[in-house]
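Novice: Let's see this in three dimensions:
(one chain, ligands or ions: 2)
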Amino acid sequence: MIRDIVTYPDKRLFLRSREVESFDRELHTLLDDMYETMIAKNGIGLAAIQVAVPLRALIINLPDEDGAQHKDELLELINPVIVEKRGSQVYTEGCLSVPEYYDDVERAAWIKVEYLDRDGRKKSLETDGLLAVAVQHEMDHLDGHLFIEKLPYLKRKKFEKEFKKKLKSAKAKVRNS
Ligand code: QAP
Ligand code: CO
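Specialist: Numbers count the residues shown, from 1 in each chain. Ligands and ions are numbered 1, 2, ... in the order given. Sure, this is the predicted structure:
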């Protein structure tokens, strides 16, 4: 089932999500719905709080060279922890919860993450490049952080300005309908 995406400035996006304790049918349904929702909205990563569930669960499905996403490449990370990181890289990020805004963010170039899979089995992942960016971006959601909070002051102002402009035109649309 496709669920609604929680968008900025909804307060829930700024809450810390709780650890997953039950690796049951409810968790599996949540993960399946997150996948369906992410694909329907043209996303490559999604955290549970983005569908209004405050649990430490996230999914990532990066496209291949042709831009196609394959479900057999889907990553599901439960209760993830970054245990090592190195270097830095800059990537132009976006977020389904901050629609139509993209900007450069600096993050670690390489990370080692420990997490559980959907059945509660311990896993570990060492990665760099875009996947490292995606994991760090989604893990920030679990702690109630959005990529726009990492922008330098002037870029954050630019975002706020564009957001207010969009809000105004959305309100004008409602008035005129
Ligand atoms: C997070 O982002 C991410 O504004 C996932 O109109 C970001 O899936 C991972 C999206 C950067 C790696 C690098 C955003 C779709 C999707 C939008 C997304 C939009 C439609 C963002
Ligand atoms: Co996001």
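Novice: in its sheet, what does the longest strand along the chain sit against?
Specialist: Using DSSP state E, we find that the single longest strand of the chain is strand 75-86. Partners of strand 75-86 in the sheet, by DSSP bridges, are strand 57-60 (antiparallel), strand 110-116 (antiparallel).
Novice: who touches it?
Specialist: 19-20, 23, 27, 31, 56-61, 108-118, 120, 125, 131, 135-136, 138-139, 142 (CB atoms under 8 Å, 6 or more residues apart in numbering). Yep, even glycine has a C-beta here, placed from its N, CA and C like the rest.
Novice: now do 6 Å
Specialist: For strand 75-86, the surrounding residues in contact (CB atoms under 6 Å, 6 or more residues apart in numbering) are 19-20, 31, 56-60, 108, 110-116, 118, 139.
Novice: Could you identify the buried members of the residues you listed?
Specialist: 20, 31, 56-60, 108, 111, 113, 115-116, 118, 139 (16 or more other CB atoms under 10 Å).
Novice: Switch these over to TSV, and while doing so, append pLDDT and distance to residue 45 to every line.
Specialist: Listed next are these as TSV, based on pLDDT from 0 to 100; distance: CB to CB, whole Å:
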residue	pLDDT	distance to residue 45
20	99	17
31	99	13
56	99	14
57	99	12
58	99	7
59	99	7
60	99	4
108	98	16
111	99	14
113	99	13
115	99	14
116	99	18
118	98	16
139	99	10
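Novice: Among those, which one sits closest to ligand 1?
Specialist: Using CB to the nearest ligand atom, the shortest approach to ligand 1 within the buried ones among the contacts of strand 75-86 belongs to residue 60, at 7.2 Å.
Novice: Let me see the contact set for that closest one.
Specialist: With contacts defined as CB under 6 Å, 6+ apart, residue 60 is in contact with 45, 75, 134.
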